[in-house]
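K.L.:
output the structure for:
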Amino acid sequence: MPITLPKLPYATNALEPHMSRETLEIHHGRHHKTYVDKANELLRGTELEDAALEDIVRRADGKLYNNAAQAWNHDFFWKCLTPEQPPVGSELQRALEQHFGDVDAFEKKFTEAAAAVFGSGWAWLVRTADGGLEIATTANGDTPLSDDQTPLLTCDLWEHAYYIDYRNDRVQYLQQFFPLVNWEFVEQNLLAPARGGRRAAQAVGEQPKFH
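P.N.:
Numbering: from 1, shown residues only. The predicted structure is shown next:
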């Protein structure tokens, strides 16, 4: 079945003043849509044509992987945001305190990691195979969907995510990111079963390599 462009889970002006209507209209309606359209074009006539998006990301390579991964990343990103600003749930708070000290310390470390990414990419909070939490970053359209990592939260670091509102000031954009985080969605991901993936287990001592 074709990959579809999901509707935003809120109105395009709902994230203001942190993220403008114009940003959402262009980011979702043009950039995200382009990845969806290109992925569908590349899928036609392939063995993955009827696969679910997440399966396509795990199994594809090259241009198809790049566009399908970006479609998945963006869909996940929109769900990470909300105008309602729910509090951090008790299970998530306990996990963040265990691994980062407290919620504020996690936000600081996440922001530092995101700000340090060279060029375009994504910052993630992931759950590892042993149940631990880690902050990870990926370049371009790569995603940490793998055998041993479950994405919990992401922040889009491509300039099209923030240039309209903050020009090239990524740090200012990141300062406005956490007031929008949907902590309820993050906790749901934390408590969900581990996601399977396509990537082979890494050798002992080898750093994980994203696509």
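K.L.:
find the nearest non-adjacent residue to E49, please.
P.N.:
Using C-beta to C-beta, 6 or more residues apart in numbering and skipping the chain neighbours, the partner closest in space to E49 is L43 (4.9 Å). C-beta coordinates here come from the backbone N, C-alpha and C atoms, glycine included.
K.L.:
what of A95?
P.N.:
In space, A95 is closest to L133, 5.7 Å off (C-beta to C-beta, 6+ apart).
K.L.:
residues touching that neighbour, list them.
P.N.:
95-96, 98-100, 125-127, 152 (C-beta atoms under 8 Å, 6 or more residues apart in numbering).
K.L.:
can you rerun that using 6 Å?
P.N.:
Going by C-beta atoms under 6 Å, 6 or more residues apart in numbering, L133 touches 95, 99, 127.
K.L.:
which residue ranges form the strands in the protein?
P.N.:
121-128, 133-139, 149-156 (DSSP state E).
K.L.:
what does the first one rub up against?
P.N.:
Counting contacts by C-beta under 6 Å, 6+ apart, the residues outside strand 121-128 that touch it are 113-114, 133-134, 136-139, 144, 148-155, 157.
K.L.:
of these, grab the buried ones for PyMOL.
P.N.:
Buried residues among these (16 or more other C-beta atoms under 10 Å), as a PyMOL selection:
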select buried, resi 113+114+133+136+137+138+144+148+149+150+151+152+153+154+155+157
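K.L.:
against L64, how distant is the residue in the chain sticking out farthest from the centre?
P.N.:
Distance from the C-alpha centroid of the chain, by C-alpha atoms, centre = their mean, peaks at G45 (28.4 Å). Between G45 and L64 the distance, using C-beta to C-beta, to the nearest Å, works out to 12 Å.
K.L.:
tell me, what residue is most central in the protein?
P.N.:
T154 (3.4 Å).
K.L.:
I'm done for today, thanks for sticking with me.
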